[in-house]
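[1] I need the structure of the sequence given here:
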Amino acid sequence: MPTDDVQSPETNAAPSDATAPLDETPPDADRTRLRGNLGVASIVFMVAAAASPLGVIGGPVPLGIALGDGTGFPASYILAGLVLLLFAVGFTAMSPFVKDAGAFYSYIERGFGRGTGLGAGFAALLSYLTLEAGVYGLIGPGIDSLLVSYHVPSQPWWLYAGLTFAVVAFLGHRNIELSGKVLAVGLVAEVLIVVVFDAVVVVTGGDSGLSTGIVDPERITSGAPGIGILFAVLSFIGFEATAVFRDEARDPERTVPRATYLSLTLVGLFYAVSSWALVTAVGDRHAVRTATDNSGSMLADATERYLGTVGEHIIQVLFVTSLFACILSFHNIVARYVFTLSGSEALPSGLGVAHLRFRSPHRASAATAAVVAVLLLISALAGLDPISQVYTWLAGFASVGVVLLYGLTCAAVVVFFARRREHRTSSWKNTVAPALGLAGLVFFFALILSNLTTLVGGSTPLAIGILALLALSLLLGPVVARRRVNNKR
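    Numbers count the residues shown, from 1 in each chain. Model (predicted):
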């Protein structure tokens with residue numbers, strides 16, 4: 001990590017243990033303020049870890065190949081990345097005028113008012129919560145598979161998910177910089193091993209030559225491209241959370257936009273190249289069948305073939321650490337949504353109190369952990385399959401919600417600058433790019449909706465339930481806003 005991200009002993013120094021009880025409430029003037037010294041690199045690590053590069057290559061990529069557009073799936077990352085770059089242009093242009101660390105909630109509120117903003121905040125909270133819980137459905141089997149390879153008896157997925165949950169809850173209680181350091185180490189290691197795998201596959205020519213699906217329009221539009229787009233967008237979720245860490249960033253006016261562009265570009269290139277390399281490794285003729293029959297082990301099997309047994313074990317270990325980093329990042333993001341919404345009196349105000357010693361949203365973190373615990377308990381008691389049901393259903397829900405929120409944010413940017421012409425800097429940043437991004441996101445949303453029933457196992461009631469929950473969360477915003485106004489009269 002660059003040296004500009006290392007804080008000096010005087011910067012943000014926490015009170016000593018002797019003078020700061022762990023859960024004492026700070027003075028009123030400082031009790032709702034988080035603290036950190038995050039630079040561009042630290043925030044990029046945080047959101048890139050949420051994207052879980054290795055976890056994506058081993059999880060959503062095989063599912064996107066199997067359920068989406070087959071060998072054309074890698075092109076979905078290019079398309080999704082271009083649309084999200086247009087989103088980012090407007091998002092960063094509006095950043096100087098959004099002082100709250102609420103991301104979707106704050107931006108949409110500035111464009112459409114308090115009621116719509118609160119509704120977006122609730123929808124974002126629900127989407128991120130379900131995604132965090134869903135990834136536990138990947139890490140449980142991942143840890144079990146890793147330990148079984150070392151001759152440890154197999155255990156239920158929920159046991160390992162529970163142990164992971166305990167560690168995440170502990171780290172969520174602490175200062176954000178501790179999480180950032182934990183995430184940085186794992187992120188560098190997982191990116192390096194995948195880059196090595198990609199290079200070996202390209203040099204050896206893969207199973208039967210380099211895959212051409214990424215540039216073949218017929219393959220890109222084959223199968224269910226809507227599901228392909230869904231898994232591609234799902235892989236990017238979290239990059240916009242650069243704004244969530246605003247209060248803990250050093251010089252947020254410069255840090256947040258830079259971190260947004262850098263994380264989106266790096267993650268998008270990584271996904272496109274690595275998913276193409278995985279298809280090449282297996283071969284165009286066998287990729288769809290392999291992904292369908294062995295989605296959970298597709299990456300590990302390919303790694304063993306090209307990097308040997310040692311490479312396979314390294315991938316298995318880093319796959320688990322990647323998923324852990326993803327869960328920890330989303331936990332931090334959700335906790336800060338809860339913290340911000342409670343500060344806006346949309347949630348109980350007690351959740352918006354910062355820890356005196358760690359300056360972390362410790363109560364919001366505990367509330368987040370409690371909700372995730374309930375979701376995991378229900379999944380375990382219901383006997384749901386951790387990958388095909390817990391992860392796929394909850395991640396599908398999150399993708400629908402986040403695509404909707406991306407679109408609302410683009411629209412909010414256009415409306416904001418149209419009403420406040422004195423803040424306009426350029427037509428491209430303030431109108432054209434966000435409008436094009438909105439058009440692309442509307443197209444994505446339509447594709448996803450047309451394939452949503454397939455994603456949730458053909459269950460129309462479940463697909464309707466997902467849309468109903470999102471609609472209710474959006475409608476709850478104006479109700480809460482109106483109630484707040486009435487209570488102040």
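[2] quick one: name whatever helix or strand follows the helix or strand that contains Q316.
    Following DSSP states H and E, one finds Q316 within helix 298-343. The helix or strand immediately downstream of helix 298-343 is helix 362-382, counting by DSSP H and E.
[3] helices or strands up against that next one?
    For helix 362-382, the packing partners by 3 or more C-beta pairs under 8 Å, 6 or more residues apart in numbering; DSSP states H and E come out as helix 114-148, helix 157-173, helix 298-343. Any C-beta I mention is one placed from the backbone N, CA and C, and that applies to glycine too.
[4] tell me the first helix or strand C-terminal of the host helix or strand of L63.
    Following DSSP H and E, one finds L63 within helix 60-67. Once the chain leaves helix 60-67, the next helix or strand it forms, by DSSP H and E, is helix 74-94.
[5] after that following helix, next one along is what?
    helix 104-112.
[6] quick one: mean pLDDT for that following helix?
    For helix 104-112, mean pLDDT is 86.
[7] tilt between it and helix 74-94?
    60 degrees (axes from the mean of the first three to the mean of the last three C-alpha atoms, to 10 degrees).
[8] which other helices and strands contact helix 104-112?
    Against helix 104-112 (3+ C-beta pairs under 8 Å, 6+ apart) you get helix 74-94, helix 114-148, helix 298-343, helix 392-419.
[9] and the helix or strand just after the last one, how far out from the chain middle?
    Same thing as helix 392-419. Moving toward the C-terminus from helix 392-419, the next helix or strand (DSSP H and E) is helix 427. Taking C-alpha atoms, centre = their mean, to the nearest Å, one finds helix 427 lying 30 Å from the centre of the chain it belongs to.
[10] same for helix 427, what does it pack against?
    Against helix 427 (3+ C-beta pairs under 8 Å, 6+ apart) you get no helix or strand.
[11] give me the contact list for that helix.
    Outside helix 427, no residue is within contact range by C-beta atoms under 8 Å, 6 or more residues apart in numbering.
[12] I'd like the next helix or strand past that helix.
    With DSSP H and E, the next secondary element past helix 427 is helix 433-455.
[13] out of the helices and strands packed on helix 362-382, which is the most enclosed?
    Mean neighbour count (mean count of other C-beta atoms under 10 Å) peaks for helix 114-148 among those, with a mean of 25.
[14] what's the angle between that one and helix 104-112?
    160 degrees.
[15] what packs against helix 114-148?
    helix 104-112, helix 157-173, helix 298-343, helix 362-382, helix 392-419, helix 460-488.
[16] neighbours of I227, just the number please.
    As a burial measure, I227 scores 26 neighbours (other C-beta atoms under 10 Å).
[17] low-scoring stretches of the stretch 1-150 of the chain, by residue?
    Low-confidence segments of the stretch 1-150 of the chain, defined by pLDDT under 70: 1-42, 45-47, 49-51, 100-103.
[18] for stretch 122-135, what is the distance to the chain centroid?
    Per C-alpha atoms, centre = their mean, the displacement of stretch 122-135 from the mean C-alpha position of its chain is 9 Å.
[19] wait, I meant stretch 133-146
    Distance, centroid of stretch 133-146 to centroid of chain: 17 Å (C-alpha atoms, centre = their mean).
[20] V167 is nearest to which of the helices and strands packed on helix 104-112?
    Evaluated over the helices and strands packed on helix 104-112, closeness to V167 peaks at helix 298-343, with 7.6 Å, by C-beta to C-beta.
[21] circling back to that earlier point, which of the helices and strands packed on helix 362-382 sits closest to F73?
    Taking these one by one with C-beta to C-beta, helix 298-343 is closest: 12.4 Å.
[22] tilt between the closest one and helix 104-112?
    Going by the same axes, to 10 degrees, helix 298-343 is angled at 60 degrees with respect to helix 104-112.
[23] export the helices and strands packed on helix 104-112 to a markdown table and tack on distance to E218?
    Output for the helices and strands packed on helix 104-112, formatted as a markdown table (distance: least, C-beta to C-beta, whole Å):
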| stretch | distance to E218 |
| --- | --- |
| helix 74-94 | 11 |
| helix 114-148 | 31 |
| helix 298-343 | 23 |
| helix 392-419 | 25 |
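[24] can you tell me which of those helices comes nearest to T204?
    Closest among the helices and strands packed on helix 104-112, using C-beta to C-beta: helix 298-343, at 6.8 Å.
[25] follow-up on the earlier one: of all the helices and strands packed on helix 114-148, which lies closest to V56?
    The closest of the helices and strands packed on helix 114-148 to V56 is helix 298-343. By C-beta to C-beta, the value is 8.2 Å.
[26] take the helices and strands packed on helix 114-148 and lay them out in JSON lines including distance to A232.
    What follows is those, written out as JSON lines (distance: least, C-beta to C-beta, whole Å):
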{"stretch": "helix 104-112", "distance to A232": "20"}
{"stretch": "helix 157-173", "distance to A232": "26"}
{"stretch": "helix 298-343", "distance to A232": "16"}
{"stretch": "helix 362-382", "distance to A232": "25"}
{"stretch": "helix 392-419", "distance to A232": "9"}
{"stretch": "helix 460-488", "distance to A232": "19"}
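[27] quick one: which of the ones you listed is nearest L126?
    Of all the helices and strands packed on helix 114-148, helix 460-488 comes closest under C-beta to C-beta, at 5.2 Å.
[28] buried stuff in the closest one?
    Judged by neighbour count (16 or more other C-beta atoms under 10 Å), helix 460-488 contains these buried residues: L462, A463, I466, L469, L470, S473, L474, L476, G477, P478, V480, A481.
[29] can I assume the fifth one is in contact with V400?
    It refers to L470. Yes - in this structure, L470 is within contact of V400 by C-beta atoms under 8 Å, at 6.6 Å.
[30] E109 and L118 touch, don't they?
    Yes - when contacts are counted by C-beta under 8 Å, E109 is listed as touching L118 (7.3 Å).
[31] thinking again about what came up before, of the buried residues of helix 460-488, which pair is most distant in space?
    Greatest spacing in these, by C-beta to C-beta: L462 and A481 (30.2 Å).
[32] and I315, how far is that from L264?
    For I315, the distance to L264 equals 25 Å [C-beta to C-beta, to the nearest Å].
[33] and for stretch 267-279, what's in contact with it?
    Against stretch 267-279 from outside (C-beta under 8 Å, 6+ apart): 48, 51, 53, 56-57, 61-62, 64-65, 71, 73-75, 77-78, 80-81, 84-85, 191, 194, 197-198, 201-202, 206, 211, 213-214, 232, 235-236, 239, 287, 298-299, 302.
[34] now it: mean pLDDT?
    For stretch 267-279, the mean pLDDT works out to 94.
[35] now it: how far from the chain's centre is it?
    Between the centre of stretch 267-279 and the centre of its host chain there is 17 Å, according to C-alpha atoms, centre = their mean.
[36] list the buried ones in that stretch?
    By 16+ other C-beta under 10 Å, the buried positions in stretch 267-279 come out as V267, G268, F270, Y271, A272, V273, S274, S275, W276, A277, L278, V279.
[37] related to what we said a few turns ago, what do L470 and V400 both touch?
    Common contacts of L470 and V400 (C-beta under 8 Å, 6+ apart): S127.
[38] doesn't S154 belong to a strand?
    No - according to DSSP: H, G, I helix; E, B strand; the rest coil, the state of S154 is coil, so it is not within a strand.
[39] in space, what's closest to A395 - neighbours in sequence excluded?
    Nearest residue to A395, sequence neighbours excluded (C-beta to C-beta, 6 or more residues apart in numbering): G134, at 4.5 Å.
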